[in-house]
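Engineer: Have a look at this prediction, sequence included:
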Amino acid sequence: AGELRALGVASGQVDLVEAFNQVSDGGTLAFYDPVSERVQVRGTEMTVGLEVTLVHELTHALQDQHFDLERLDDAAVDDSAATAFRGLAEGDALRVEDAYTEEELTESERTAYDEEYAEELADSEEATSDVPEFVNATYAAPYALGQPFVTMLLNRDGNDEVDRAFDDPPSTEEHLFDPASFLAEEQSEAVELGFAEDEEVLDEGPFGATSWYLFLAERIDPKVAFEAALGWNGDAFGAVERDGDTCVRIAF
């Protein structure tokens, strides 16, 4: 929370555990847990909305059987690579969900689904109204960016290209933010932060192209922020405490 305040994307007292719980739980009808290898379902009524959600979550089950979704939790995987892999998984599940909605639901079922989805969205927005927008947007990024990323793969060589991406997944958030960078196999340069030797770094890691865009768009024209984030070629962030305050240094 101190880091978010230092970046200027949150203010006051922020309970991040509660915020992330609100974001992840708001409107969720079901989810696939790769640890238990089970789909957890809310409620007992099989609505058309739950039916569509189960298509999405069972796609994750299929992904896990073939490609091991728990790779996201590998300590050797940095946050940027984990976010990119999550975007691939969510984008793939969303395209299957959309295909099911378009091809398998009747017109009346699609109408019922649209109404149910609108209600869920309203409930979710109300439940997360006090969550910092940066947190909301960061959580949503793998879904928002993953779908066009997977569409690019499908347009290139269908399901085979998607499977290859699961075998050799995107390694940075840039690959989601700028999908052409994945096809070009662009990687990133190491960036040094230059903290003093006697400073204790409390937290460090990649910041990510998406976070740069969201961070800059809080302050400047979003189009200018977008152009800047497209120039990403590596970054780093670190947090230290100085005189009781959390301070963050980020390098691009």
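Structural biologist: The structure has been received and is ready for your questions.

Engineer: would you list every one of the helices in the stretch 151-252 of the chain?
Structural biologist: 174-177, 180-183, 209-217, 222-230 (DSSP state H, counting those that start in this stretch).

Engineer: Report all helices and strands that the first one contacts.
Structural biologist: Judged by 3 or more Cβ pairs under 8 Å, 6 or more residues apart in numbering; DSSP states H and E, the packing partners of helix 174-177 are helix 79-103, helix 133-167, helix 180-183, helix 209-217. Every C-beta, even on glycine, is put in place using the N, C-alpha and C of the backbone.

Engineer: Show the average pLDDT along the first one.
Structural biologist: Rounded to a whole number, the mean pLDDT of helix 79-103 is 95.

Engineer: Equivalent analysis for stretch 208-217, please.
Structural biologist: Rounded mean pLDDT across stretch 208-217 is 94.

Engineer: residues in contact with it?
Structural biologist: 7, 9, 79-80, 83, 134, 137-138, 141, 145, 172-174, 176-178, 207, 224-226, 228-230, 232, 235, 252 (Cβ atoms under 8 Å, 6 or more residues apart in numbering).

Engineer: Same question for stretch 56-70.
Structural biologist: 30-32, 34-35, 37, 39, 89, 92-94, 96-97, 163, 166-167.

Engineer: Give me the three-state assignment for Val39.
Structural biologist: Following DSSP: H, G, I helix; E, B strand; the rest coil, we place Val39 in the strand state.

Engineer: Would you confirm that it contacts Leu29?
Structural biologist: No: with contact defined as Cβ atoms under 8 Å, Val39 does not count as touching Leu29 (10.4 Å).

Engineer: These two: which is more packed in?
Structural biologist: Counted by other Cβ atoms under 10 Å, Val39 and Leu29 do not tie: Leu29 has more neighbours, with 19 against 16.

Engineer: what is the orientation angle of the host helix or strand of Gly49 with helix 133-167?
Structural biologist: Counting by DSSP states H and E, the element that carries Gly49 is helix 48-67. With axes from the mean of the first three to the mean of the last three Cα atoms, to 10 degrees defining the directions, helix 48-67 sits at 50 degrees from helix 133-167.

Engineer: Can you list the buried residues in helix 48-67?
Structural biologist: Under the neighbour-count criterion of 16 or more other Cβ atoms under 10 Å, helix 48-67 has 48-61, 63-64, 67 buried.

Engineer: Likewise for stretch 161-173?
Structural biologist: Val162, Ala165, Phe166, Pro169, Pro170, Ser171, Thr172, Glu173.

Engineer: after the lowest-mean-pLDDT helix or strand in the chain, next one along is what?
Structural biologist: Lowest by mean pLDDT, DSSP states H and E among the helices and strands of the chain is helix 16-25, with a mean of 84. Remark: after helix 16-25, the chain's next helix or strand is strand 30-33, criterion DSSP H and E.
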